[in-house]
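Student: got a sequence here, can you model it:
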Amino acid sequence: MLLDVLHTLQGRRGHLVRADLEAFSHRARVPLATLHGAASFYSNFRLDGPASPVAVKVCRSLTCHLNGSRQLLKTLQERCATEGGEVEVSGCQCLGLCERAPAVTLNGLPLGPVTAEELLAQIAERRGARTRRPAPPRVPYTSLARYRKAGGYDALELVRKGELDLAAVVSTLKASGLRGMGGAGFPTGTKWEFVIKEPSQPKYVVCNADEGEPGTFKDRAFLELSPHEVLEGLLIAAAVIGAKEAVLYIREEYLSARANLQKAIGELRRSGLLSAPGPQLRVVVGAGSYVCGEETALFESIEGKRGEPRIKPPYPASIGLWGKPTLIQNVETLARIPEILRRGAEWYRSQGRNGAAGLKRFALSGHVAKPGWYDAPLGLSGEELVSQYGGGMRDGHALKALFPGGVASGFLAKAQVSTPLDFDPLVKAGAMLGSGGVIAVEEGTCAVDLVENCLEFFAHESCGKCTPCRVGSEKLLRMVQALRAGGPSIDPGTVEELATTMIETSICGLGMTAPVALRHALQHFPEEFEAHAQGRCLTGWCAR
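Tutor: Numbers count the residues shown, from 1 in each chain. Next comes the predicted model:
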């Protein structure tokens, strides 16, 4: 597959060399323009020469921004400016290390939280000892033997032997209330039913592990600590829909998750659980594109193309990967399935609160005392999640706003944080659960600065395929940047008109969600925008 080839070629020299691309183009009979078009789409492929011997990337996305990454990046760039090209320091978008903010990578190795002095010391140690392929940090995981002892793969074997009827699996999932945990929240059993009913062959099942939403790192935790839960769910899905191949697409930055996943797959192969009648199992490593988390963009990426979303309909259940019926599910969704089949639909439903069904793994970050991932009842309130699981706000500060599902979800103001963290209640409150990446923001944070950071992310990550998203996200960003630079005040009517156009006409969710944080900020904190129009920050945050 093309992504695999590009990763291999870059791994040889630390960047993509034209001669290597030309040789592969000739050998595989793939037009050079196709190779260049795909490679230039992904931020992790280098077409402009090798990186410096020491390469540092500082995350600039919201959680890291709230925890000082802007100053960290500035300090590092100033201190390393005299290194004569030996040290390259750049900003980047979310690394999926939000609980360790501010997070960085040093020659690909994830670090955090770190201070400038700590990082400069590590940079000094690594001069002249660049490692192109860093060894991933070791993270202990639940082995196959331990997982099987707890009942792991029992459900898969029952399905394969026919002792657990395929129709019964679907009805159990429907009765459990399990919904997609990657953002859309579509009922899982219903989605499986759609794919089963499609007559076309072959069929595929895809696990989406390309979480790039700022504030989201729950899928990384599943793959690092309990990859067999995910793999069993994936193999059950393949057996039920009759898939020829199962594909797991994971982001490149997740070194430890990738390592543990490969170890777990190796255990499965040795045990015989991947033998017939199981599907072929393949892992595809992404290359740095947020929009590839959108299901059809992910298919394009797997197929070796630029990761640009397709127009829907048709939907993946009928025309997905390679133009065939495809079931695509998030990591967490698949990880929940084996336990539901072992313990029953009613057990899972009973885990929720306030009318919600089941459990949710929340990734909690921002200004909380104890950032991390927490398995909690779906339907508990944001206030409860922060206080009971996150140890409250750090340093006793008050809560100002809460993003319930990453920056794409918009936010809840302080008066709304008693809203249950569940799909429908959050929609009624004007937000959404999304992937469950909860970002807590303390009082004293500037809403204008908050919104600018969100818009920088969307403008950077827009694939550019559709005009509403490409142009709209840039226009909104420029409005906020101009305001902070002493320009004109922002007209809420203009924002609403542009936001409505983006929401109604963008091809995928990126363009539809990009304006949400700005709309919410203008609604809840208009006085802060008015103050900036007068040349002052009402909270004092921007003067730090």
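Student: now do the helix or strand of the chain with the lowest mean pLDDT: everything it contacts.
Tutor: Here the helix or strand of the chain ranked lowest by mean pLDDT, DSSP states H and E is helix 116-126, holding a mean of 90. Residues from elsewhere that reach helix 116-126 (C-beta atoms under 8 Å, 6 or more residues apart in numbering): 53-54, 56, 72, 75-76, 79-80, 87, 104, 106-107, 111. (Each C-beta comes from the backbone N, C-alpha and C, glycine too.)
Student: per-residue confidence for the residue nearest in space to the middle of the chain?
Tutor: By C-alpha atoms, centre = their mean, the mean C-alpha position of the chain lies nearest to E211, the distance being 1.9 Å. Predicted confidence (pLDDT) for E211: 95.
Student: that one contacts G96, correct?
Tutor: Yes - assessed by C-beta atoms under 8 Å, E211 is found in contact with G96 at 6.3 Å.
Student: what do those two both touch?
Tutor: F217, R220, R251.
Student: looking at these, spot the one nearest P313.
Tutor: R251 (27.6 Å; C-beta to C-beta).
Student: and the pLDDT for the closest one?
Tutor: The model's pLDDT for R251 equals 96.
Student: so who does it touch?
Tutor: Going by C-beta under 8 Å, 6+ apart, R251 touches G96, A209, D210, E211, G212, V285, G286, G288.
Student: about what we covered before: for the shared contacts of E211 and G96, which one is nearest Q534?
Tutor: Of the shared contacts of E211 and G96, the one sitting nearest to Q534 (C-beta to C-beta) turns out to be F217, at 38.6 Å.
Student: and the closest one, how far from A116?
Tutor: 23 Å (C-beta to C-beta, to the nearest Å).
Student: so between those two, which is more surrounded?
Tutor: The neighbour comparison of F217 against A116 (other C-beta atoms under 10 Å) goes to F217, with 30 against 18.
Student: touching, the more buried one and A363? I think so.
Tutor: Yes - with contact defined as C-beta under 8 Å, F217 and A363 form a contacting pair (4.8 Å).
Student: hey, what's in contact with both of these two?
Tutor: C98, E99, W373, G437.
Student: just the ones of the residues you listed in strands?
Tutor: Residues of those located in strands (DSSP state E): W373, G437.
Student: now the shared contacts of F217 and A363 in JSON lines, with pLDDT?
Tutor: Formatted as JSON lines, the shared contacts of F217 and A363 follow (pLDDT from 0 to 100):
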{"residue": "C98", "pLDDT": "98"}
{"residue": "E99", "pLDDT": "97"}
{"residue": "W373", "pLDDT": "98"}
{"residue": "G437", "pLDDT": "97"}
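Student: neighbour-wise, give me the winner out of the shared contacts of F217 and A363.
Tutor: C98 (34 neighbours).
Student: give me the distance between that residue and G391.
Tutor: Distance, C98 to G391, by C-beta to C-beta: 16 Å.
Student: could you do C542 as well?
Tutor: Counting by C-beta to C-beta, the gap from C542 to G391 is 28 Å.
Student: then G272?
Tutor: 45 Å.
Student: what strand or helix carries A155?
Tutor: helix 154-161 (DSSP states H and E).
Student: who are the packing partners of that helix?
Tutor: helix 227-241, helix 331-343 (3 or more C-beta pairs under 8 Å, 6 or more residues apart in numbering; DSSP states H and E).
Student: so which of those is the most surrounded?
Tutor: Among these, helix 227-241 has the highest mean neighbour count (mean count of other C-beta atoms under 10 Å), at a mean of 26.
Student: any idea of the mean pLDDT in that helix?
Tutor: Rounded mean pLDDT across helix 227-241 is 98.
Student: what's the angle between that helix and helix 154-161?
Tutor: With axes from the mean of the first three to the mean of the last three C-alpha atoms, to 10 degrees defining the directions, helix 227-241 sits at 20 degrees from helix 154-161.
Student: now the element after helix 227-241, going C-ward?
Tutor: strand 243-250.
Student: just how off-centre is that following strand within its chain?
Tutor: 18 Å (C-alpha atoms, centre = their mean, to the nearest Å).
Student: now stretch 360-369
Tutor: Worked out by C-alpha atoms, centre = their mean, stretch 360-369 lies 15 Å from the chain centre.
Student: now that stretch - C-alpha only, PDB.
Tutor: Output of stretch 360-369 as PDB, limited to C-alpha atoms (Å, rounded to 0.1, in the frame of the first residue of the first chain):
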ATOM      1  CA  LYS A 360     -17.700   6.000  28.300                       C
ATOM      2  CA  ARG A 361     -14.000   6.500  28.400                       C
ATOM      3  CA  PHE A 362     -13.500  10.200  28.800                       C
ATOM      4  CA  ALA A 363     -10.200  11.900  28.100                       C
ATOM      5  CA  LEU A 364     -10.000  14.700  30.600                       C
ATOM      6  CA  SER A 365      -7.500  17.500  30.200                       C
ATOM      7  CA  GLY A 366      -7.100  21.300  30.500                       C
ATOM      8  CA  HIS A 367      -7.000  23.100  33.800                       C
ATOM      9  CA  VAL A 368      -8.000  20.100  36.000                       C
ATOM     10  CA  ALA A 369      -6.000  18.800  38.900                       C
END
